[in-house]
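*Asks:* dropping a prediction and its sequence here:
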Amino acid sequence: MKLLPTAGKSYSAAIQVVLQRLGALSTTTSALFKSMVCLAAIGSCLSAPLQAQTIIGTIGVGVYPIAVAFSPLGGKAYVGTGIGFIGTISGISVINTSTNTVTSTITVDTAPVAIAFSPDGSKAYVVNNIVNTIQVIDTATDTVSATIPVGTTPTDIAFRPDGSQAYVVNDTAGTISVIDTVSSSPTYHTVVSTFPVGSFPRSIVFNSNGSRAYVVTSGTPDITVIDTDPTSPGYLTIVTNIPVGTDPRKIVISPTENKAYVMDSSDFTVKVINTANNTVSSTFAVGSDPSGIAFSPDGLKAIVVNSADQTFSVIDTATNTVIGTFAGGDGIGDPLILDASGVIAFKPDGSQAYMANRNTNNVSVISFAPVVPPTSAAAPIPTLSEWAMILMASLMGLLAFVRLRRR
């Protein structure tokens, strides 16, 4: 049990510093002393995770939101809306992430099911599922600057890490469209290559050096690994196929790159892929009908959105276990829209995540604020009453420790 302050409780800075400094003691002594300090100062010391996940509010956006993405530069997020109903106006709600408010709406083509920012944050590329286009948004002005035709029923997009190309998976066509994204190139913003990838591709990610792309091919069903190294003799060919169940939907790769997570909606699990040898190393259960997943920027946790349960599960990625499942918004994910896998995303600093709620036309803001402040914070001076509580707690902890030693 971690004896840390409970989420939502207010602790004086002095008590927090004492708790931090007790961490330098031996495990047994530290636990005893921390317990006594918490009991003396607060009245209770309930177990709480290092970071608390709490929905702290919602942000109203356009009709039927289903795709969320944050700018890598920070400051703004884009939410794709107008996807679920014929006749609704599709758009991108632009959110100021400092104030959690919508600042503008960008009109785009029908059904923006996925959004990806370029690595430098200057552009955002929107996948329009019904009209088979990619629209490019200039993020400085929040205006559409280009429209690029791609294959039939595009579902996802990912950038090479160097930003030179964007790969689009075309579900019905069973292909990948490669878009040139170098502004100085004569083929800028055109499709420079299209190649077959397998049956009904839904999702795509790259490894950190851009040499491999991992594609969910749901019709097979497996993960198709593509050689994406332009200097390789096998460039744009299939390296291997990894079986992952019967209904894989979304794949994400850890920032630490030792693993990838794949949602399987057939048995409500997540398959863990070892990216060193391209095999499934483990499987763990989540909620009903998982339809969205995202890693935190530090790779220490992940969130899985469970559409049928209307919940989200938080994963400890070190152990590949669910550490908590929490009530979500109304209509998170969408079991009827198989391309709705971008419904959850983390802010670049990892402090919050946005989760799209299709039925209430908003996004939930999930806070991952640290419970205990950094040890680098200036150490305040305890009040006299706090000193008395600390002294009493220390004596009680010492007596308990002596009794344990005598047993």
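*Replies:* Thanks, I have it. Residues are numbered from 1 along each chain as shown.
*Asks:* check contacts around the closest residue to residue 245 other than its chain neighbours.
*Replies:* Leaving aside its sequence neighbours, residue 245 sits nearest to residue 264 (CB to CB, 6 or more residues apart in numbering; 3.7 Å). Just so you know, the C-beta spots here come from the backbone N, C-alpha and C atoms, and that holds for glycine as well. Taking CB atoms under 8 Å, 6 or more residues apart in numbering, we find residue 264 in contact with 244, 245, 246, 247, 248, 249, 270, 271, 290.
*Asks:* sitting in strands, which of those residues do you find?
*Replies:* When DSSP state E defines the strands, the subset of those inside them is 248, 249, 270, 271, 290.
*Asks:* what is the end-to-end distance of stretch 202-222?
*Replies:* 11 Å (CA to CA, to the nearest Å).
*Asks:* likewise stretch 241-258?
*Replies:* Start-to-end span of stretch 241-258 (CA to CA) is 18 Å.
*Asks:* identify each buried residue in that stretch, please.
*Replies:* For stretch 241-258, the neighbour count (16 or more other CB atoms under 10 Å) marks 241, 242, 244, 245, 247, 248, 249, 250, 251, 252, 253, 254 as buried.
*Asks:* next: stretch 140-148.
*Replies:* Across stretch 140-148, burial judged by 16+ other CB under 10 Å covers 142, 144, 146, 148.
*Asks:* now the last one: phi and psi?
*Replies:* Note on residue 148: backbone dihedrals following degrees, to the nearest 10 are phi -120, psi 120.
*Asks:* that one: what's it in contact with?
*Replies:* Neighbours of residue 148 in contact, by CB under 8 Å, 6+ apart: 133, 134, 135, 136, 179, 189, 190, 191.
*Asks:* just the buried subset of these, please.
*Replies:* Among the contacts of residue 148, the ones that count as buried by 16+ other CB under 10 Å are 133, 134, 135, 136, 179, 189, 191.
*Asks:* reformat the residues you listed as TSV; add distance to residue 74.
*Replies:* Shown next, in TSV, are these (distance: CB to CB, whole Å):
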residue	distance to residue 74
133	28
134	24
135	23
136	21
179	25
189	25
191	31
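*Asks:* from the residues you listed, which ones fall inside helices?
*Replies:* In helices, judged by DSSP state H, none of these are found.
*Asks:* and the gap between the nearest residue to residue 209 once chain neighbours are set aside and residue 233?
*Replies:* Spatial nearest neighbour of residue 209, chain neighbours left out: residue 161 (6.7 Å); criterion: CB to CB, 6+ apart. The gap separating residue 161 from residue 233 is 21 Å, by CB to CB, to the nearest Å.
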